[in-house]
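**Q** have a look at this fold, sequence not included:
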Ligand code: F6P
């Protein structure tokens with residue numbers, strides 16, 4: 001039996017004890033618990049004291065991390081080793097946010113010079129668009145960007161824009177992901193093609209949804225501006241030849257690399273629309289915040305590492321206590337897209353059933369993630385969190401100081417965040433009135449940002465990236481591929497051929513009946 005097997009067994013025994021123990025009781029049993037389980041790094045505060053683990057359980061989880069090789073895996077990640085084995089690639093998103101002068105290498109080959117060169121082009125482009133030096137085909141300055149992309153080419157930039165956008169932006173930024181034509185139609189409504197840039201983002205430049213939307217947006221530009229419309233096309237891709245063939249002028253094609261996973265790509269030129277619409281200072285602040293979290297993750301011992309301890313708390317719930325769902329509730333309207341971003345980050349990265357070397361994973365892997373902004377979620381799904389039959393751990397994210405608005409309202413928001421964590425853990429015993437009884441003992445993590453700055457947002461996103469990586473190491477899976485999304489794409493192409501009458505492919509009877517109904 002390996003050390004990791006021993007640690008997994010110990011986890012299961014420890015979790016049996018945790019299942020019947022009151023979290024609130026641990027504070028008396030373990031003086032200094034709140035302080036000991038509150039960590040700080042890169043401007044973030046993380047309180048893990050309302051998790052169901054005892055001091056001994058935390059030690060045991062750290063043993064599991066060590067025995068699973070987290071330290072060596074972390075080293076390999078930063079060294080640009082082939083951590084994405086099924087695609088034979090490193091995963092070097094940290095190189096994208098490292099300051100100039102860094103020396104990241106992908107499989108031994110230096111990548112930092114190329115990263116810096118692209119970053120310099122992004123900056124020059126962003127500044128030229130903002131100053132009006134780079135204007136549209138008719139000479140008018142750009143006032144809007146339509147960012148077209150899906151999955152990793154959409155969720156990160158959308159989150160950043162929503163979190164950091166000025167109340168009255170100089171350049172409006174709109175997003176289109178869905179192939180549902182409604183989304184593009186809404187995004188284009190009210191825009192003047194002569195003052196709009198269309199930024200198409202696709203790592204592969206083959207994604208059906210993105211190409212469909214990009215072609216429609218190009219047609220919209222060309223209908224108004226003729227051939228000159230192509231000066232309004234920007235393309236971001238790891239396949240720049242395809243981007244050029246689409247029509248974007250050479251100096252408006254921005255490359256990134258196959259060692260950047262889609263859901264880890266917002267730090268690359270995938271974030272270009274945000275760099276333009278927010279300005280370079282904000283975008284570089286975002287990179288700096290993420291780099292600070294990288295430095296912390298790389299250097300901190302495991303028992304002081306925020307990403308590691310957050311991962312261990314989640315694994316304690318997922319594997320020890322068998323909890324398959326986690327809620328994420330940002331008490332900040334500007335962070336309302338965080339749950340959607342984390343759904344891709346965590347579920348696409350770690351929704352795997354075989355190990356990196358192809359054997360069945362002997363443990364449960366990624367929890368399903370859902371959530372919405374607080375306090376809105378309190379009036380929707382919190383009933384189930386407090387009194388449902390399943391225990392659903394919650395990540396609460398709060399921001400101390402509001403960027404705008406009434407400080408009194410902000411205090412109410414914070415009071416709700418803190419009170420919900422308390423209510424979940426402490427509950428309210430009402431044996432005489434079962435309807436009003438709150439069982440409590442429901443775990444939460446509490447993440448606090450001082451202010452929603454670009455730096456804090458960068459650190460927050462990087463925290464979750466590395467947390468996801470650590471979980472993948474514990475489970476022995478490859479967090480950087482996503483083969484599970486392929487079958488649906490292939491079948492969608494076949495069904496489309498059937499719907500268009502170009503083919504009559506065989507399908508199961510249910511599918512056949514649906515196709516027949518849609519064609520009728
Ligand atoms: O949903 C699958 C996926 O491959 C994601 O991993 C990726 O972020 C998204 O599609 C978009 O891919 P692309 O950037 O190549 O258009």
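**A** Yes, it's here. Predicted, not measured: the structure shown is a model, and the values here were computed from it. Residues are numbered from 1 along each chain as shown.

**Q** the closest residue to the ligand within the stretch 301-450 of the chain: what's it in contact with?
**A** Across the stretch 301-450 of the chain, no residue is closer to the ligand than residue 348, which sits at 5.8 Å (Cβ to the nearest ligand atom). Quick note: C-beta positions are derived from backbone N, CA and C, even for glycine. Counting by Cβ atoms under 8 Å, 6 or more residues apart in numbering, residue 348 makes contact with 151, 263, 482, 484-485.

**Q** repeat the analysis, applying 7 Å as the threshold.
**A** Neighbour list for residue 348: 263, 482 [criterion: Cβ atoms under 7 Å, 6 or more residues apart in numbering].

**Q** wasn't it part of a helix?
**A** Yes: per DSSP: H, G, I helix; E, B strand; the rest coil, residue 348 lies within a helix segment.

**Q** for residue 67, which non-adjacent residue is spatially closest?
**A** residue 3 (3.8 Å; Cβ to Cβ, 6 or more residues apart in numbering).

**Q** isn't that neighbour right up against residue 69?
**A** No: the pair residue 3 / residue 69 is not scored as a contact, 9.7 Å apart, by Cβ atoms under 7 Å.

**Q** higher neighbour count, these two?
**A** residue 69 (16 against 13; other Cβ atoms under 10 Å).

**Q** so how far is residue 57 from the more buried one?
**A** According to Cβ to Cβ, to the nearest Å, residue 69 and residue 57 sit 21 Å apart.

**Q** same check, this time on residue 362
**A** Distance from residue 362 to residue 57, counting by Cβ to Cβ: 20 Å.

**Q** who has more neighbours, these two?
**A** residue 57 (23 against 10).

**Q** over to that one. Which of the three states is it?
**A** What three-state DSSP gives for residue 57 is helix.

**Q** residues touching it, list them.
**A** Going by Cβ under 7 Å, 6+ apart, residue 57 touches 14, 18, 316.

**Q** so what touches the helix or strand that contains residue 72?
**A** When secondary structure is defined by DSSP states H and E, residue 72 falls within helix 70-78. Contact with helix 70-78 is made by 83, 91, 94, 297-298, 302, 308, 469-470, 473, as judged by Cβ under 7 Å, 6+ apart.

**Q** give me the contact list for whichever helix or strand comes after it.
**A** Scanning forward in sequence from helix 70-78 by DSSP H and E, the next helix or strand is helix 93-97. Identification of contacts with helix 93-97 by Cβ under 7 Å, 6+ apart yields 78, 102, 104, 111-112, 115, 260-261, 264, 267-268, 287, 290-291, 294, 465.

**Q** which ones among the residues you listed are found in helices?
**A** 78, 112, 115, 287, 290-291, 294, 465 (DSSP state H).

**Q** next, give me the two most distant ones among those.
**A** Longest distance between any two of the ones in helices among the contacts of helix 93-97 is 19.0 Å, between 112 and 465; criterion Cβ to Cβ.

**Q** which residue of these two possesses the greater neighbour count?
**A** residue 465 (25 against 18).

**Q** list the contacts for the more buried one?
**A** By Cβ under 7 Å, 6+ apart, the residues touching residue 465 are 93, 264, 345.

**Q** which one of the residues you listed is nearest residue 404?
**A** The closest of those to residue 404 turns out to be residue 345 (Cβ to Cβ; 27.6 Å).

**Q** pull the number of nearby residues for the closest one.
**A** Number of residues near residue 345 (other Cβ under 10 Å) recorded here: 25.

**Q** can you tell me which residues contact it?
**A** If you count contacts by Cβ under 7 Å, 6+ apart, residue 345 has them with 263, 464-465, 468.

**Q** let's have the residues you listed in JSON lines, adding pLDDT and distance to residue 408.
**A** Below are those laid out as JSON lines (pLDDT from 0 to 100; distance: Cβ to Cβ, whole Å):
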{"residue": "263", "pLDDT": "98", "distance to residue 408": "38"}
{"residue": "464", "pLDDT": "99", "distance to residue 408": "31"}
{"residue": "465", "pLDDT": "99", "distance to residue 408": "35"}
{"residue": "468", "pLDDT": "98", "distance to residue 408": "37"}
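
**Q** out of these, the closest to residue 406 would be?
**A** Using Cβ to Cβ, these come closest to residue 406 at residue 464, 29.8 Å.

**Q** around the ligand, pick out the residues from this protein.
**A** 150-153, 202-204, 207, 210, 262-263, 348, 482, 485 (Cβ under 6 Å from any ligand atom).

**Q** try it again at 8 Å.
**A** Selection of the chain residues close to the ligand by Cβ under 8 Å from any ligand atom yields 149-155, 201-207, 209-210, 237-238, 261-263, 265, 270, 344, 348, 482, 485, 489.

**Q** from those residues, which land in helices?
**A** 155, 209-210, 489.

**Q** quick one, which of those are buried?
**A** Taking 16 or more other Cβ atoms under 10 Å as the criterion, what is buried in those is 155, 209-210.

**Q** ranges for the strands of this protein?
**A** In the chain, the strands defined using DSSP state E lie at 38-41, 44-47, 105-106, 109-110, 144-148, 172-176, 196-201, 233-237, 253-255, 325-331, 368-370, 394-401, 444-451.

**Q** could you export these as CSV, including mean pLDDT?
**A** Below are those laid out as CSV (pLDDT from 0 to 100):
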stretch, mean pLDDT
strand 38-41, 98
strand 44-47, 98
strand 105-106, 97
strand 109-110, 97
strand 144-148, 98
strand 172-176, 98
strand 196-201, 98
strand 233-237, 98
strand 253-255, 98
strand 325-331, 98
strand 368-370, 98
strand 394-401, 98
strand 444-451, 98
